[in-house]
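**Student:** sequence and predicted model, in that order:
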Amino acid sequence: MSTLSLDAEALYQQLLRGVRNLIEGDTRLAGITSGGAWLAERLHRDLALPGEPGTISSAMHRDDFAQRGLSSGGQTRLPFEVGGSRIVLLDDVLYTGRTIRAALNEIFDYGRPASVRLAVLVDRGGRELPVDADFAAARVALPASQLLALARDDAGRFSFDVEKWV
């Protein structure tokens, strides 16, 4: 079996360029906990955007909430007015589309944005819902039995963990 090797820092640089092209005027960043929130924080700083990025928890809107329960990833925090805003939603890995659907529902609980664009570090295919990223730094194929997760060290550098899905 071959081992997947992805350079998360190199992919982050591609994401930075891609998100820069998605930003217009007063666009706000919001990241899905936890990997997407890490990306939003770093992008916000690297792009020198005003204000603060938002954090979205998809836990309450997941269709598998009964099995997963509340994750320890954090709660939704949107330090900007959602109504009328242009938002770039960030996530580390796009897979089935279910997390994105849940995150969109959470955003709409706070208001009706003018637009929401999606940027991800990795699109691994396997969609179960009609969701597509406006920008993906990489597209990879993984068996359904594997989980790809973004990790962050104490210095804020990114890497990927590939784990067996339980």
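**Tutor:** Cool, the structure landed. Computed from a prediction, not measured in an experiment: that's the story for all the values here.
**Student:** which helix runs longest in this structure?
**Tutor:** Secondary structure of the chain per DSSP state H: the longest helix is helix 8-22.
**Student:** show me which positions of that helix end up buried.
**Tutor:** A8, L11, Y12, L15, L16, G18, V19, L22 (16 or more other C-beta atoms under 10 Å). All C-beta spots, glycine's among them, are computed from the backbone N, C-alpha and C.
**Student:** quick one: it to chain centroid distance?
**Tutor:** 13 Å (C-alpha atoms, centre = their mean, to the nearest Å).
**Student:** contacts for whichever helix or strand comes after that helix?
**Tutor:** Using DSSP states H and E, the helix or strand that directly follows helix 8-22 along the chain is strand 28-32. The contact list for strand 28-32 (C-beta atoms under 8 Å, 6 or more residues apart in numbering) reads 19, 37-41, 43-44, 49, 51, 53-58, 78, 80, 85-91, 99-100, 103, 107.
**Student:** in this structure, which residue is closest to the centre?
**Tutor:** By C-alpha atoms, centre = their mean, the chain has its centre lying nearest to D91, at 1.0 Å.
**Student:** that residue contacts V120, doesn't it?
**Tutor:** Yes: under the criterion of C-beta atoms under 8 Å, D91 makes contact with V120 at 5.0 Å.
**Student:** just confirm L150 is within a strand.
**Tutor:** Yes: applying DSSP: H, G, I helix; E, B strand; the rest coil, one finds L150 inside a strand.
**Student:** pLDDT score assigned to it?
**Tutor:** On the pLDDT scale, L150 is placed at 95.
**Student:** my guess is it contacts D92. True?
**Tutor:** Yes: counting by C-beta under 8 Å, L150 touches D92, with 3.7 Å between them.
**Student:** between those two, which has more neighbouring residues?
**Tutor:** D92 (25 against 22; other C-beta atoms under 10 Å).
**Student:** for that one, give me its contacts.
**Tutor:** Counted by C-beta under 8 Å, 6+ apart, D92 has contacts G35, G36, W38, L39, V120, L121, V122, A149, L150.
**Student:** among the buried residues of helix 8-22, which pair sits farthest apart?
**Tutor:** Using C-beta to C-beta, the buried residues of helix 8-22 span at most 19.9 Å, a distance reached by A8 and L22.
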